[in-house]
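S.K.: Build me a structure from this.
(chains A, B, C and D)
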Protein chains: 2
Amino acid sequence: MIRIGETAAAAGLTAKTLRFYEDRGLLPAADRAPNGYRDYPHETVSRLEFIRRGRTAGLTLAQIGDILSVRDTGQAPCVHVKDLLANQLRDLDAQIAELTALRATVAEFHDAAAAGDPAACDPERICSYL
Amino acid sequence: MIRIGETAAAAGLTAKTLRFYEDRGLLPAADRAPNGYRDYPHETVSRLEFIRRGRTAGLTLAQIGDILSVRDTGQAPCVHVKDLLANQLRDLDAQIAELTALRATVAEFHDAAAAGDPAACDPERICSYL
DNA sequence: TCTGACCTTCCAGTAAACTGGAAGGTCAAG
DNA sequence: CTTGACCTTCCAGTTTACTGGAAGGTCAGA
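M.R.: The predicted structure follows:
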């Protein structure tokens, strides 16, 4: 019998999170011990690790749930996974590009501020660096 | 007189969003026409575009608000202004680094998926590509 | 027996950034 | 004078991924 806390800890999560995942359909409803406690099979840990890896890769729980449900029907979800990852890569590249552009803008402001003489800054006046 | 809808459309936003930004302090309270309608100065569009760029790049409204308030508060000593900008720059660099690392991880997964045979997917591990 | 660490359910709240809708005012055109 | 497209305020809901807490059940050890 692997109780929820132990299972969660093994995957680096909390019991609360496991109940939440069950609620969201990412974990099948666990068997129950006579006392009502959830009793997890050993595979649950690798399933949780899979979820965690997906999260680390920036996938949403819905996307991970899609992969898992495809797998649960017995099909290999690898093609689906590949598509999701390609999508993720595209999003990530766009985000990095935007962030880099913004950094350049902020850096311009900062360089202008750094080039000025702080002592010459009149507190009563609007700072001319921005 | 530039009304809220026109201003919003010019920046690719909605009137609702502009009122929300005003509520959050990202937009100064607009002047009002005699009928109570908000009346925006022309600069508002570039301010909104700045906000939009920041948002697209994944900055929070709070972070964008910090930058804008630096820009707005002429009373702040220039050294403080420079520090705030340096802070934003540091955050931006950290964010770019984080996203770049994530991209590398995702790319690794993706390359493995693209190179592999879908039939070789090990059901025990759920999907060998993640 | 009691304490403490588990477990159960259910309900609420959090942050972020809107979005929707109700109820009503304004104004130019037909 | 009415229609329709604007505008106003205020309040409530959405999404994501949890997290907190109340109220109570279970069980091993001192």
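S.K.: Now the closest residue to DNA strand C within chain A. Nearest residue, chain neighbours left out?
M.R.: Of all residues in chain A, residue A:5 sits closest to DNA strand C, at 2.6 Å by Cβ to the nearest atom of the strand. From N, CA and C alone the C-beta is placed, and that goes for glycine too. Closest residue in space to residue A:5, ignoring its immediate chain neighbours: residue A:15 at 5.0 Å, by Cβ to Cβ, 6 or more residues apart in numbering or on different chains.
S.K.: where in chain A is pLDDT low?
M.R.: A:73-80, A:116-130 (pLDDT under 70).
S.K.: The residue of chain A closest to DNA strand C contacts residue A:16, correct?
M.R.: No - contact between residue A:5 and residue A:16 fails when scored by Cβ atoms under 8 Å: they sit 10.1 Å apart.
S.K.: These two: which has the busier surroundings?
M.R.: Counted by other Cβ atoms under 10 Å in any protein chain shown, residue A:5 and residue A:16 do not tie: residue A:5 has more neighbours, with 13 against 10.
S.K.: A strand includes the more buried one, no?
M.R.: No - applying DSSP: H, G, I helix; E, B strand; the rest coil, one finds residue A:5 to be helix, outside a strand.
S.K.: how much space between it and chain B?
M.R.: Going from residue A:5 to chain B by Cβ to the nearest Cβ, to the nearest Å gives 23 Å.
S.K.: roughly how far is the particular helix or strand that has residue A:89 in it from the heart of the chain?
M.R.: Using DSSP states H and E, residue A:89 sits within helix A:78-115. From the chain centre to the centre of helix A:78-115 is a distance of 17 Å (Cα atoms, centre = their mean, to the nearest Å).
S.K.: what does stretch A:26-33 give?
M.R.: Here the centre of stretch A:26-33 is set off from its chain's centre by 24 Å, with Cα atoms, centre = their mean.
S.K.: can you pull the buried residues of it?
M.R.: Neighbour-count burial for stretch A:26-33, with 16 or more other Cβ atoms under 10 Å in any protein chain shown as criterion, is recorded at A:26, A:27, A:30.
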